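Enquirer: this is the structure alone, sequence omitted:
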């Protein structure tokens, strides 16, 4: 009579099955963690690029107006959500984010308005802060200077 040997058994033991499930779960958790991190980094980079683009557009409009006009009026809404740049027929309004602007090292307070003479160089420091992502902001600076 032949005896059955345990080492000739076919199939998977419960311990092997649990180990496989545990390892699979760990691998899936790491993959999802990496995926969510990549998505967050992508969204942060996208927000940063959008803020930089808006700041560049604002400074571009300021430069365009300063070249054509003798005076520029800059207004910041009381909630810092709207920045308006105006001179005669040219008016630009920005209302996508939060804005802080310093002119000649003086910060424009929310609700204030200032009129600038463009016949002298004017140092401008602009912060554009994302409304939705509080940790995202862009800082740009320039000097408005009319080329004669």
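Expert: It's in. Computed from a prediction, not measured in an experiment: that's the story for all the values here. Numbering: from 1, shown residues only.

Enquirer: now do stretch 67-80: distance to the chain's middle.
Expert: 23 Å (Cα atoms, centre = their mean, to the nearest Å).

Enquirer: I should have written stretch 71-81 there, sorry.
Expert: Relative to its parent chain, stretch 71-81 has a centroid offset of 21 Å by Cα atoms, centre = their mean.

Enquirer: ok, now stretch 120-128?
Expert: Between the mean C-alpha location of stretch 120-128 and the chain-wide mean there is a distance of 20 Å, by Cα atoms, centre = their mean.

Enquirer: got it, and stretch 122-141?
Expert: Its chain's C-alpha centre and that of stretch 122-141 lie 9 Å apart, by Cα atoms, centre = their mean.

Enquirer: please apply the same query to stretch 139-148.
Expert: The offset between the C-alpha centroid of stretch 139-148 and the centroid of the whole chain comes to 23 Å, using Cα atoms, centre = their mean.

Enquirer: and that stretch, average pLDDT?
Expert: Computed over stretch 139-148, the mean pLDDT rounds to 84.

Enquirer: contacts for that stretch, please.
Expert: Residues from elsewhere that reach stretch 139-148 (Cβ atoms under 8 Å, 6 or more residues apart in numbering): 52, 55-56, 59, 62-63, 66-67, 72, 116, 118-119, 121-128. For glycine as for every other residue, the C-beta is placed from the backbone atoms N, C-alpha and C.

Enquirer: so what pairs up with the closest residue in space to residue 69 that isn't next to it in sequence in the strands?
Expert: For residue 69, ignoring the flanking residues on the chain, the nearest one in space by Cβ to Cβ, 6 or more residues apart in numbering is residue 87 at 3.8 Å. Using DSSP bridges, the bridge partners assigned to residue 87 are residue 90.

Enquirer: residue 87 reaches residue 67, doesn't it?
Expert: No - Residue 87 is beyond contact range of residue 67, at 10.5 Å (criterion: Cβ atoms under 8 Å).

Enquirer: okay, these two: which has more neighbours?
Expert: Shown here are residue 87 and residue 67; by other Cβ atoms under 10 Å, residue 87 has more neighbours (21 against 12).

Enquirer: tell me the contacts of the more buried one?
Expert: Counting by Cβ under 8 Å, 6+ apart, residue 87 makes contact with 65, 68, 69, 71, 72, 73.

Enquirer: quick one, grab the pLDDT at it.
Expert: pLDDT, residue 87: 89.
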